[in-house]
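Asks: my questions are about this predicted structure, shown below with the sequence.
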Amino acid sequence: MKKQFFFLFPLTLIIPLSIFAQDTFSIVAVDSVTGEVGSAGATCLQAPNPAEGALFISDVIPGLGAMHTQALWESYNQQNGHTYMISGYMPEEILHEVNISDIGADSTIRQYGIALFDANGSPRTAAYTGVNCYDYKGQIVGYNYAIQGNIIINHALLDSIESGFLNTPGSLADKLMAAMQGANIPGADIRCLSEGVPSKSAFLRVAKPTDHPDSLSLHLVVKSRPDGMSPIDSLQTLFNEWKTTHPSSIETTSDVNARIWPNPASSKINIQFPSFESRMVSVTDMIGRTMEEKNCTGFCNISLTTYPKGMYFIRTGNSAYKFIVR
């Protein structure tokens with residue numbers, strides 16, 4: 001059930017702090033296996049106005065979700081969306097509430113994208129594009145992602161962003177970077193067409209469930225266009241450097257030739273060791289919390305009926321085996 005709350009904003013926030021011209025293409029996404037939340041986008045605006053370039057549209061809440069507030073951006077509307085997210089509202093409900101409480105009483109000039117986890121840890125997504133956003137405008141909503149754009153070259157750009165996200169293996173960060181490369185063409189934001197670049201600023205952010213909101217695991221920002229370069233190419237360079245010191249996933253090791261099946265699993269998982277010696281087995285979640293422990297002699301199984309969906313590890317001695325509950 002949704003929590004009830006009241007807005008207690010200072011009077012100064014009721015006055016628009018800063019309205020930026022339409023802001024452009026972006027993607028929000030979540031990963032139900034790792035619990036990660038991601039946000040990426042770009043625009044033909046750049047620092048010093050706004051100071052962080054395209055980043056101002058992004059609101060990432062670790063362990064919960066992400067929301068982009070774009071087109072004719074307003075800080076008041078963005079804060080409202082944040083409040084509804086942390087209060088347990090689902091994406092469609094958030095969009096409804098933000099639109100009816102729009103500070104300018106005109107939601108037709110706004111654009112939003114939301115991806116978050118519901119109470120069961122399942123992805124929920126939604127997007128909204130006002131009819132009076134500048135053309136071309138559009139959106140694509142998938143199982144765990146939402147893509148939105150305005151003042152873009154055409155709908156094919158959104159399709160290309162989606163293709164990069166869906167067809168790239170690896171982590172959520174890898175997929176989001178590929179999604180941005182899908183928009184790396186001159187005039188992706190049509191205001192940048194004459195300069196032969198897709199945008200003038202870009203960002204990529206991914207939060208692990210245990211991250212502090214002010215210190216995300218991945219936070220890359222190209223605030224302004226480097227001379228002669230696409231900001232998305234610059235973002236790719238930063239991402240490649242980041243990956244050299246940040247593994248894309250938790251690695252598992254094994255000194256025991258155990259058989260683990262089925263994987264993914266739903267109701268139970270079976271464990272079989274090559275000999276009938278007794279082994280203590282523990283199951284841990286992504287952040288190392290022990291779910292349960294039991295003694296296995298040759299073969300045993302573990303009931304998963306109370307496990308939330310996600311990634312877990314079976315550990316015994318110096319060995320670790322990754323499995324997924326779906």
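Replies: Yep, it's here. Since we're looking at a predicted model, the values are computed, not measured.

Asks: all strands for the stretch 151-300 of the chain, in order.
Replies: For the stretch 151-300 of the chain, applying DSSP state E, counting those that start in this stretch gives strands covering 201-207, 218-222, 259-261, 268-272, 278-285, 290-297, 299-303.

Asks: relative to the second one, what are the paired strands and their orientations?
Replies: Here strand 218-222 has these sheet partners by DSSP bridges: strand 201-207 (antiparallel).

Asks: wait, Pro264 touches Phe323, no?
Replies: Yes - the criterion here is Cβ atoms under 8 Å, and Pro264 meets it with Phe323 at 7.1 Å. Using the backbone N, CA and C atoms, a C-beta is placed for each residue, glycine as well.

Asks: the two: which is more packed in?
Replies: Legend: neighbour count by other Cβ atoms under 10 Å for Pro264 and Phe323, higher for Phe323 (20 against 12).

Asks: in contact with the more buried one, which residues?
Replies: Listed by Cβ atoms under 8 Å, 6 or more residues apart in numbering, the contact set of Phe323 reads 260, 263-265, 269, 311-314.

Asks: report the separation between it and Asp59.
Replies: Distance of Phe323 to Asp59, given as Cβ to Cβ, to the nearest Å: 33 Å.

Asks: for the stretch 101-250 of the chain, which segments count as helices?
Replies: Along the stretch 101-250 of the chain, counting by DSSP state H, counting those that start in this stretch, helices occupy 155-166, 172-181, 231-243.

Asks: could you dump the ones you listed into CSV and include mean pLDDT?
Replies: Formatted as CSV, the helices of the stretch 101-250 of the chain follow (pLDDT from 0 to 100):
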stretch, mean pLDDT
helix 155-166, 96
helix 172-181, 96
helix 231-243, 95
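
Asks: tell me the most buried of these?
Replies: helix 172-181 (a mean of 24; mean count of other Cβ atoms under 10 Å).

Asks: what angle separates that one from strand 201-207?
Replies: When axes from the mean of the first three to the mean of the last three Cα atoms, to 10 degrees is applied, the directions of helix 172-181 and strand 201-207 differ by 160 degrees.

Asks: now for helix 172-181, which elements pack on it?
Replies: For helix 172-181, the packing partners by 3 or more Cβ pairs under 8 Å, 6 or more residues apart in numbering; DSSP states H and E come out as strand 25-31, strand 36-43, helix 155-166, strand 201-207, helix 231-243.

Asks: who does the residue nearest the centre of the chain bridge with?
Replies: Centroid-nearest residue in the chain: Gly38, 2.0 Å away (criterion: Cα atoms, centre = their mean). As for beta bridges, Gly38 partners with Ala29, Val206 under DSSP bridges.

Asks: got the contact list for it?
Replies: Gly38 is in contact with 27-31, 60, 66, 172-173, 175-176, 204-207, counting by Cβ under 8 Å, 6+ apart.

Asks: make sure Tyr321 is indeed in a helix.
Replies: No - Tyr321 is assigned strand when assessed by DSSP: H, G, I helix; E, B strand; the rest coil, not a helix.

Asks: pretty sure it is touching Ile314, no?
Replies: Yes - Tyr321 is within contact range of Ile314, at 4.6 Å (criterion: Cβ under 8 Å).

Asks: so what sits against both of the two?
Replies: The overlap between the contact sets of Tyr321 and Ile314 (Cβ under 8 Å, 6+ apart) consists of 258, 260.

Asks: specify the beta-bridge partners of Ile260.
Replies: Under the criterion used (DSSP bridges), Ile260 bridges to Ile271.

Asks: where's it relative to Val33, distance?
Replies: From Ile260 to Val33 the distance is 16 Å (Cβ to Cβ).

Asks: looking at the two, which is more packed in?
Replies: Ranked by neighbour count (other Cβ under 10 Å), Ile260 and Val33 place Val33 first, with 20 against 14.

Asks: tell me the contacts of that one?
Replies: 310-311, 324.

Asks: and which of those residues is nearest Gln236?
Replies: Met311 (27.0 Å; Cβ to Cβ).
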